[in-house]
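Trainee: Got a sequence here, can you build the structure:
(chains A and B)
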Amino acid sequence: MIKFLQIILVILAVIVSFQPIVVAQVEAVNNDIGYKDKITIDADYKKELLALGFNNGEYLKLKNEAISHHPYVVMDKVVHTAEVLALRPDGTSLKGSVPSNVSQEDLLVASRLACVGAINVIKQAADGDLSRVRKIANIRYLTLSEPEYIDYALVSNECSTLMVRVFGQVVGSHSRFAIGLVASPNNESFKLNLIAYLK
Amino acid sequence: MIKNINFIILATILSINISASFAQGSDTLESRLSSELVRLGFKGGELPPLSKVFGPYQPYVVVDKDIYLTSTAAQRPDGTWITGLVTDDTNLDDLIYATELTVISAINRLKYAAGGDLNKIGKIIHVNTLSPAPQDYPHLKILADTSSDMLVRIFGYDVGSHARTILAVTSLPINMHHEIEVRAELK
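Mentor: Got it, this is the predicted structure:
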């Protein structure tokens, strides 16, 4: 009888000691920001678009008027985008250099706007299926600025974290560089271009 | 007499061969890098530990054989960063030293990207020189040449020669003094 109790105690002890591991595994699954399927990527992209004020979570439908250059080029499954502007839902964009004409707060929003714009370009390149994106390789952030401004990292972080939120850590994390421009066409404050790989 | 001459010729050919092979043996990528590191003041000619990145991004990305480095800045052997804008008063020698340190940071990341062995780098494809210099700054080409020459010195012409871009920018993140951005390919 005592032996029987001992065995039960041992079994209980085993269950109790394993429980934290089981819980930890469940948490790992919940926090898994590794590979994501098409539905979650689309849902997370829509969430970002809604947060930025895009109607129904849909990005603007842009017309490509230029003949000599394209919004993107795909070569051997490598996507090179053109410079993506930080277009607001109404089609306007931030103009002027930081810090005298434009504030840091405006730039933080512009960074996210350019980022969803870039994801829209990648989506076109991937025939509408964002789960076909294998890796965001490199993002170049270009900010119209004056020499005393040095907070590029904070502005870039807005887009870098958005990329990881949408694509997950494995696909979305990337290398990058950020520079200040002296002048920019149409006086645009912020733009970016990137290289991504398709599956 | 003729035999003697033959012997002397043989001996000289042999000794030339041996010395050549010795020179080749000591002239490896690691030894070249190590001598550059010693010259720049790194103790023991060893690469410093990889510095942490300042945000939610990676120091390098490798997809298949393609390596994309995040732009690297000038980090002194003691781990501090060289900061500040480039002006017409900036000492050119100091700036060249900063450029060389920047190349070392890039090579450090390349080593990690290549799994710890720089010999696995097949080609340096492109080097983007970013300098927070004023308009009409005259020495940009010298800076770009410094990094280009150094990469060719260390990797050899076949691997180390590359395409390049030189940009004068208004300023750089965290007030960095000099940056380069490198794209490379694995063997």
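Trainee: what residues does chain B put near chain A?
Mentor: Within chain B, the positions near chain A by C-beta under 8 Å from any C-beta of the partner chain are B:54-61, B:63-64, B:66, B:68-71, B:85, B:128, B:130, B:132, B:135, B:167-175, B:179, B:181, B:183. Heads up, the C-betas are built off the backbone N, CA and C, glycines and all.
Trainee: Mark which of these are buried, thanks.
Mentor: B:56-61, B:63, B:66, B:68-71, B:85, B:128, B:130, B:132, B:167-173, B:175, B:179, B:181, B:183 (16 or more other C-beta atoms under 10 Å in any protein chain shown).
Trainee: Mind checking which of the residues of chain B next to chain A are in strands?
Mentor: Of the residues of chain B next to chain A, the ones assigned to strands by DSSP state E are B:60-61, B:63, B:66, B:68-69, B:128, B:130, B:167-168, B:179, B:181, B:183.
Trainee: Show me which pair in those is furthest apart.
Mentor: Across those, no pair lies farther apart than B:63 and B:168, at 30.2 Å, counting by C-beta to C-beta.
Trainee: how about the residues of chain A near chain B?
Mentor: Residues of chain A found near chain B (C-beta under 8 Å from any C-beta) are A:78, A:134-135, A:137-139, A:145-153, A:156-157, A:160-161, A:164, A:173-182, A:195, A:197.
Trainee: Just the ones in helices from those, please.
Mentor: Counting by DSSP state H, the part of the residues of chain A next to chain B found in helices is A:152, A:153, A:156, A:157, A:160, A:161, A:164.
Trainee: Hmm, residue A:177 and the first one touching each other?
Mentor: No: judged on C-beta atoms under 8 Å, residue A:152 makes no contact with residue A:177 at a distance of 9.2 Å.
Trainee: what do the two both touch?
Mentor: Common neighbours of residue A:152 and residue A:177 are listed as residue A:141 (criterion: C-beta atoms under 8 Å, 6 or more residues apart in numbering or on different chains).
Trainee: Now list the buried members of the residues of chain A next to chain B.
Mentor: Burial by neighbour count, 16+ other C-beta under 10 Å: within the residues of chain A next to chain B this picks out A:78, A:134-135, A:137-139, A:145, A:147, A:149-153, A:156-157, A:160-161, A:164, A:173-181, A:195, A:197.
Trainee: Among these, which are located in strands?
Mentor: Those of these lying in strands (DSSP E): A:78, A:134-135, A:137-139, A:175-181, A:195, A:197.
Trainee: Which parts of chain B are helices?
Mentor: Going by DSSP H, chain B shows helices at B:2-26, B:29-39, B:92-113, B:140-155, B:157-160.
Trainee: Which of those helices comes out lowest on mean pLDDT?
Mentor: Note on the helices of chain B: lowest mean pLDDT is at helix B:2-26, with a mean of 56.
Trainee: tell me the mean pLDDT for stretch B:175-187?
Mentor: For stretch B:175-187, mean pLDDT rounds to 95.
Trainee: nope, stretch A:149-166 is what I meant
Mentor: Throughout stretch A:149-166, pLDDT has a mean value of 94.
Trainee: Return it as PDB; C-alpha atoms alone will do.
Mentor: The C-alpha trace of stretch A:149-166 is given here as PDB (Å, rounded to 0.1, in the frame of the first residue of the first chain):
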ATOM      1  CA  TYR A 149      20.200  65.900 -37.300                       C
ATOM      2  CA  ILE A 150      21.400  62.400 -36.200                       C
ATOM      3  CA  ASP A 151      18.300  60.500 -35.100                       C
ATOM      4  CA  TYR A 152      18.000  58.300 -38.200                       C
ATOM      5  CA  ALA A 153      18.100  55.100 -36.200                       C
ATOM      6  CA  LEU A 154      14.800  56.000 -34.400                       C
ATOM      7  CA  VAL A 155      13.100  56.700 -37.700                       C
ATOM      8  CA  SER A 156      14.500  53.600 -39.400                       C
ATOM      9  CA  ASN A 157      13.400  51.500 -36.400                       C
ATOM     10  CA  GLU A 158       9.800  52.300 -37.000                       C
ATOM     11  CA  CYS A 159       9.900  50.500 -40.400                       C
ATOM     12  CA  SER A 160      12.300  47.800 -39.300                       C
ATOM     13  CA  THR A 161      10.000  46.700 -36.500                       C
ATOM     14  CA  LEU A 162       7.000  47.000 -38.800                       C
ATOM     15  CA  MET A 163       8.700  44.600 -41.300                       C
ATOM     16  CA  VAL A 164       9.300  42.100 -38.500                       C
ATOM     17  CA  ARG A 165       5.700  42.500 -37.200                       C
ATOM     18  CA  VAL A 166       4.300  41.700 -40.600                       C
END
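Trainee: low pLDDT regions in chain A?
Mentor: Screening chain A residue by residue with the criterion pLDDT under 70, one finds the ranges A:1, A:5, A:8-34.
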